[in-house]
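> sequence and predicted structure below; questions after.
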Protein chains: 4
Amino acid sequence: MYISDLTQNQMWKEENNRLKRTFKFNDFQEAFAFMTRVAFLAETQQHHPNWSNVYNTVEIELTTHDEGNTITEKDRKLAKAIDAILG
Amino acid sequence: MYISDLTQNQMWKEENNRLKRTFKFNDFQEAFAFMTRVAFLAETQQHHPNWSNVYNTVEIELTTHDEGNTITEKDRKLAKAIDAILG
Amino acid sequence: MYISDLTQNQMWKEENNRLKRTFKFNDFQEAFAFMTRVAFLAETQQHHPNWSNVYNTVEIELTTHDEGNTITEKDRKLAKAIDAILG
Amino acid sequence: MYISDLTQNQMWKEENNRLKRTFKFNDFQEAFAFMTRVAFLAETQQHHPNWSNVYNTVEIELTTHDEGNTITEKDRKLAKAIDAILG
């Protein structure tokens, strides 16, 4: 399956003016395919995440640099589109 | 969703000494994320597909060049791994 | 290097109302990274190629479906952006 | 170009038992294509980086978890392969 266990995955939370969510997958290949999906969203919305990956885990942080690093509608829109990938 | 409608997707068939399957997705982003998954499988199994893409459609043909372009166990193994991506 | 031998690569040619070019790379990993670049261009320009890959070779065909499968400015713009990737 | 300016990029350095390097590209599309190349290396070597990305910048940290988070030959091999991508 594309995503291993949705129950393992926490929802988005706000922290230090960032919208954060951690995603866990079965393995690195799944995690990177997910990152490819997010990369397309970032590029078509012209809004890019601060994100990191170790093996099967992807951490995404969204903030709007141009608005003094606060959470804006751009971040909520990207978060929503990322959630839509996971169905 | 990762894959739109499994019922739209035909199964593998043998044709001209090739194992063929066509995959349809919701859009290009889904199709290319799937291709990224297949690319990892191809590279880790060191067995590469003949494949093409137009928008949301990916056509994969598997054959073993080193064995005179016949279908071998390498092709069946890769086909099985590709199917496993789709759950 | 990102691209193995530019002299091996032919330029775009027009054939059957399609703009075509074949790209050869050192190996599959290089070829697929190039495809990832092209995928981003396709998605941001909302104009998608007919393309195929076997190991280190990528064949791209550009045509505008909406204009009765003729070569239009959309195809020339995408071709130019693809060339720019290769510097 | 694939990589904008090699002189902007620092070399690998050792810090807190990690091998670290920061890579800067022209834009996000270049950065993510580079990440795709690194992802293939990680998967074929079965050794995965701790890494992060913001827009055109990729930070890679290599350490061997199985050896108590020290720098081992596995890390140096992956670092060398990553450098080879950039020619």
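Structure received.
> and the helices in chain A?
Assigned by DSSP state H, the helices in chain A fall at A:28-45, A:73-85.
> just those: most buried one?
helix A:28-45 (a mean of 22; mean count of other C-beta atoms under 10 Å in any protein chain shown). C-betas here are computed from N, CA, C, even on glycine.
> so for it, mean pLDDT?
The average of the pLDDT scores along helix A:28-45 is 97.
> then stretch A:56-75?
If you average the pLDDT values across stretch A:56-75, you get 94.
> was I right to think residue A:24 contacts residue A:56?
Yes: counting by C-beta atoms under 8 Å, residue A:24 does reach residue A:56; the two are 5.9 Å apart.
> check chain A and tell me which residue is nearest its centre.
Taking C-alpha atoms, centre = their mean as the criterion, residue A:60 is the residue nearest the geometric centre of chain A, at 4.1 Å.
> and that residue, bridged to which residues?
Under DSSP bridges, the beta-bridge partners of residue A:60 are residue A:21, residue A:51.
> got the contact list for it?
Under the criterion of C-beta atoms under 8 Å, 6 or more residues apart in numbering or on different chains, the neighbours of residue A:60 are A:20, A:21, A:22, A:23, A:38, A:49, A:50, A:51, A:82.
> leaving out sequence neighbours, find the closest residue to the fifth one.
Spatial nearest neighbour of residue A:38, chain neighbours left out: residue A:82 (5.8 Å); criterion: C-beta to C-beta, 6 or more residues apart in numbering or on different chains.
> and chain A, which residues reach chain C?
Chain A comes close to chain C at residues A:36, A:39, A:40, A:43, A:44, as judged by C-beta under 8 Å from any C-beta of the partner chain.
> dump these into CSV; add distance to chain B as well.
Shown next, in CSV, are the residues of chain A next to chain C (distance: C-beta to the nearest C-beta, whole Å):
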residue, distance to chain B
A:36, 5
A:39, 9
A:40, 5
A:43, 10
A:44, 8
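> among those residues, which ones lie close to chain D?
Checking those against chain D (C-beta under 8 Å from any C-beta), the matches are A:36, A:39, A:43.
> so the last one sits against residue C:39, correct?
No: no contact is recorded between residue A:43 and residue C:39 when judged using C-beta under 8 Å, the distance being 9.8 Å.
> quickly note the distance from residue A:21 to chain C.
23 Å (C-beta to the nearest C-beta, to the nearest Å).
> how much space between that residue and residue A:59?
8 Å (C-beta to C-beta, to the nearest Å).
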